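J.: Requesting a structural model of the entry that follows:
(one chain, ligands or ions: 3)
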Amino acid sequence: MFQKSKWIRLPRNVAVGHGVLDEVVDVVDDLHLQGRPLFVTSPTPREVAADPIAEDFEAAGIDPAVVTIESATFDSVEKVIEVAEAEEVSYLVGIGGGKAIDIAKMASHHLSMGFLSIPTAASHDGIVSNRGSVPDGDTRHSVAAEPPLAVVADTTVLAEAPWELTTAGCADIISNYTAVMDWRLAKRLKNVEYSEYAAALSEMTAEILVDNADLIRPGLEESSWVVTKALMSSGVAMSIAGSSRPASGAEHLFSHQLDRLEPNAALHGHQVGVGSIMTAYLHGGEKGFWTDIRDALDSIDAPTTATELGIDDETVLEALTSCHEIRDRYTILGDGMNEEAARDVATKTGVIS
Ligand SMILES: NC(=O)c1ccc[n+]([C@@H]2O[C@H](COP(=O)([O-])OP(=O)(O)OC[C@H]3O[C@@H](n4cnc5c(N)ncnc54)[C@H](O)[C@@H]3O)[C@@H](O)[C@H]2O)c1
Ligand SMILES: O=P(O)(O)OC[C@@H](O)CO
Ligand SMILES: [Zn+2]
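T.: Ligands and ions are numbered 1, 2, ... in the order given. Have a look, this model is predicted:
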């Protein structure tokens, strides 16, 4: 007897493009959200977007509360929850990079409140996803969180953000190739839950981005359009899967471990991109797919080596040999690489010299 069932939670409104930051009040109105919002932001995104949006709310007779967070930690989530309760707000708005949006969606989840996602950088594929990611003891990966009711992604703002944030978003998408390879491997070897739709969407998203690499150039608003659509599509793949599997495999384990070994050394997207070169090599052997991944990253100015990440070779090896332990997620790393094998893959792919 067929007994399978699931919920797929997706945003109702997605406003993307030139100048849509001016339409946040309209989006809220369209969702019939009442009461006071709490803006969850960080210092630069506050100046770039949260303050101008607050002025629009004030002009509409709504007085938003604002909380600025500095880091993606459980303390930040707690702080947001406390402010939300003290200020008696009705819904949350995450405005910023991946960290501000993650904190907002995790606090919303705890508070059972609606949440809007307003990215100020096309740097990560958590804009739409129902996942939130903060370090937790020895672990570092995303957990279930509130998906946004709406996304407002202004390509003017995203194009003005530092270029490396956009290249990080591209690399987060390019890493979908190896994430899906790991997912299929885990399905074959461990019979993990798998969605062909989510996997296909994730791969197609990476494919379209790579096919449009010529359009991805600094300061070009069309680049933000191309990259943001890919980031949202990848987030939808995660929501369909009900997990980050379509967008997170061993390359993400590697990045999460780097975050623990050397916090804030490089952007999330850049780290997963470099990880993806190495895990593609492990999947494909000496002459294979890994050069396509490296060349795709190179074509959009994303790092392809440890030096470009600003991380030393020994830290790369330590992350490679230990990252399989930080999460119960079967990947090409299996039960872990030894140091010799790690040095071999990192050297042969040119990640270390
Ligand atoms: N939940 C998910 O599904 C998911 C997916 C991918 C990544 N993530 C998480 O997202 C985080 C990475 O996101 P990130 O790379 O955006 O990091 P981040 O949020 O730290 O942003 C990087 C920097 O860019 C700044 N910034 C943002 N917009 C700017 C703008 N317009 N102008 C100038 N500076 C701006 C931020 O203030 C910050 O200093 C990681 O914690 C990662 O785990 C989550
Ligand atoms: O579940 P994790 O590994 O945090 O992945 C989420 C996101 O970074 C995928 O791009
Ligand atoms: Zn990611």
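J.: Enumerate the residues of this structure near ligand 1.
T.: Applying CB under 6 Å from any ligand atom, we find that the chain lies next to ligand 1 at 42, 44-45, 48, 72, 96-100, 102, 120-121, 123-126, 129, 131-133, 142, 157, 161-162, 165, 168, 172, 244, 267-269. C-beta coordinates here come from the backbone N, C-alpha and C atoms, glycine included.
J.: change it to 5 Å
T.: Residues of the chain that fall close to ligand 1, judged by CB under 5 Å from any ligand atom: 42, 44-45, 48, 72, 97-99, 102, 120-121, 123-126, 129, 131, 133, 142, 161, 267-268.
J.: if you look at those residues, which of them are in helices?
T.: Of those, the ones assigned to helices by DSSP state H are 44-45, 98-99, 102, 268.
J.: Show me which of those is closest to ligand 1.
T.: Nearest to ligand 1 among those, counting by CB to the nearest ligand atom, is Gly98 at 2.1 Å.
J.: Buried only: go through the ones in helices among the residues of the chain next to ligand 1 for me.
T.: Neighbour counting by 16 or more other CB atoms under 10 Å classes 45, 98-99, 102, 268 among those as buried.
J.: from the residues you listed, which are also near ligand 2?
T.: Okay, of these, nothing touches ligand 2 (CB under 5 Å from any ligand atom).
J.: Throw together a ChimeraX command that grabs the buried residues out of the residues of the chain next to ligand 1.
T.: This is how ChimeraX selects the buried members of those, with burial counted by 16+ other CB under 10 Å:
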select :42,45,48,72,97,98,99,102,120,121,123,124,125,126,129,131,133,142,161,267,268
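J.: Tell me the strands beside the helix or strand that contains Leu92, with direction?
T.: Using DSSP states H and E, Leu92 sits within strand 91-96. Using DSSP bridges, the strands paired with strand 91-96 are strand 37-41 (parallel), strand 114-119 (parallel).
J.: check which helix or strand covers the residue nearest to Asp22 when sequence neighbours are not counted.
T.: With CB to CB, 6 or more residues apart in numbering as the criterion, Asp22 has its nearest non-adjacent residue at 6.8 Å, and that residue is Asp56. Using DSSP H and E, Asp56 sits in helix 51-59.
J.: Which secondary structure elements does the helix or strand just after that helix sit against?
T.: Counting by DSSP H and E, the next helix or strand C-terminal to helix 51-59 is strand 65-68. Where contact means 3 or more CB pairs under 8 Å, 6 or more residues apart in numbering; DSSP states H and E, strand 65-68 is packed against strand 37-41, helix 74-86.
J.: Could you export those as JSON lines, including distance to Met278, mean pLDDT and mean neighbour count?
T.: Output for the helices and strands packed on strand 65-68, formatted as JSON lines (distance: least, CB to CB, whole Å; pLDDT from 0 to 100; neighbours: other CB atoms under 10 Å):
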{"stretch": "strand 37-41", "distance to Met278": "34", "mean pLDDT": "98", "mean neighbour count": "29"}
{"stretch": "helix 74-86", "distance to Met278": "30", "mean pLDDT": "97", "mean neighbour count": "17"}
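J.: if we can go back for a sec, what comes up buried for the helix holding Asp56?
T.: Using 16+ other CB under 10 Å as the test for burial, helix 51-59 gives 53-54, 56-57.
J.: go on, stretch 148-156?
T.: For stretch 148-156, the neighbour count (16+ other CB under 10 Å) marks 148-155 as buried.
J.: Please list the residues of the chain that sit near ligand 2.
T.: Applying CB under 5 Å from any ligand atom, we find that the chain lies next to ligand 2 at 125, 133, 141-142, 172, 244, 247-248, 252.
J.: show me where the stretch 201-350 of the chain has helices.
T.: Using DSSP state H, counting those that start in this stretch, the helices of the stretch 201-350 of the chain run over 221-241, 250-261, 268-284, 289-299, 306-309, 313-322, 339-348.
J.: Might you list the low-confidence residue ranges for the protein?
T.: In the predicted model, the chain carries pLDDT under 70 at residues 285-286.
J.: how about a cut-off of 80?
T.: Regions of the chain meeting the criterion pLDDT under 80 cover residues 138-141, 285-288.
J.: what domains does the record give for it?
T.: 13-160, 163-348 (automatic domain parsing).
J.: Lys4: which of those domains is closest?
T.: Nearest to Lys4, of all the domains of the chain, is domain 163-348, at 10.1 Å by CB to CB.
J.: Now do the end-to-end distance for that closest one.
T.: Taking CA to CA, to the nearest Å, domain 163-348 runs 29 Å from one end to the other.
J.: Same question for stretch 67-82.
T.: 10 Å.
J.: What is the burial count for Asp138?
T.: By the measure other CB atoms under 10 Å, the count of residues near Asp138 is 9.
J.: wouldn't it be in contact with Ile326 here?
T.: Yes - in this structure, Asp138 is within contact of Ile326 by CB atoms under 8 Å, at 6.5 Å.
J.: if I look at those two, which residues touch both of them?
T.: Arg260 (CB atoms under 8 Å, 6 or more residues apart in numbering).
J.: Nearest residue to Leu116 in space, please, no chain neighbours.
T.: Looking at Leu116 with CB to CB, 6+ apart, the closest residue is Val93, at 4.5 Å.
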